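Q: predicted model follows, preceded by the sequence.
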Amino acid sequence: MTKNQSASDIHFRDAVAADRDAVTALWAACGLTRPWNDAAADFDRALSGPSSTVLVGICADAVIASAMVGDDGHRGTVYYVSVAPKQQGTDLGRRLMAAAEDWLRARGAGKINLLVRNENARAAGFYEALGYDVEPNTQLGKWLTPR
């Protein structure tokens with residue numbers, strides 16, 4: 001978004017395959033990628049089925065925000081929430097999460113789960129301000145592929 005553009009110039013839509021490079025570059029710029037995760041494969045997989053997508057925020061034909069959303073039939077999950085660094089601190093993140101919640105609500109998800117890395121207190125504060133609670137759960141994981 002430039003100085004001559006406003007928040008009303010941004011619209012949200014489901015990503016298409018042609019958005020992959022811009023979206024994965026945004027994820028990298030926001031520090032969301034890790035060497036053991038193939039971001040392009042994650043993007044492709046999200047677009048390959050009816051229960052997930054990547055939502056993108058578009059301004060002047062550029063991807064400036066994105067969130068991967070999925071519905072497992074019981075709960076919704078949000079991943080890779082990203083806002084272009086120059087747009088962080090605006091209401092774009094809030095609007096992106098509202099779009100993700102709407103997408104999941106339309107599919108009948110009654111609850112949303114998301115993960116925040118322990119070192120990312122800023123993100124945790126953002127989600128708490130949106131009404132998300134830190135839950136008394138322990139997350140367990142097992143790698144099925146080599147790291």
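A: Thanks, I have the structure now.

Q: what's the burial count for Val63?
A: 21 (other C-beta atoms under 10 Å). Every C-beta, even on glycine, is put in place using the N, C-alpha and C of the backbone.

Q: what secondary structure does it sit in?
A: strand (DSSP: H, G, I helix; E, B strand; the rest coil).

Q: isn't it up against Gly57?
A: Yes: the criterion here is C-beta atoms under 8 Å, and Val63 meets it with Gly57 at 7.1 Å.

Q: for Arg122, phi and psi?
A: Here is the backbone geometry of Arg122 (degrees, to the nearest 10): phi -60, psi -40.

Q: and the gap between it and Ala60?
A: 27 Å (C-beta to C-beta, to the nearest Å).

Q: for Leu47, the count of nearby residues, please.
A: Counted with other C-beta under 10 Å, Leu47 comes out at 17.

Q: ok, it - contacts?
A: Asp14, Ala15, Val16, Ala17, Thr53, Val54 (C-beta atoms under 8 Å, 6 or more residues apart in numbering).

Q: look up the closest residue to Trp103, ignoring the ones flanking it.
A: Val69 (5.3 Å; C-beta to C-beta, 6 or more residues apart in numbering).

Q: cool, thanks, talk later.
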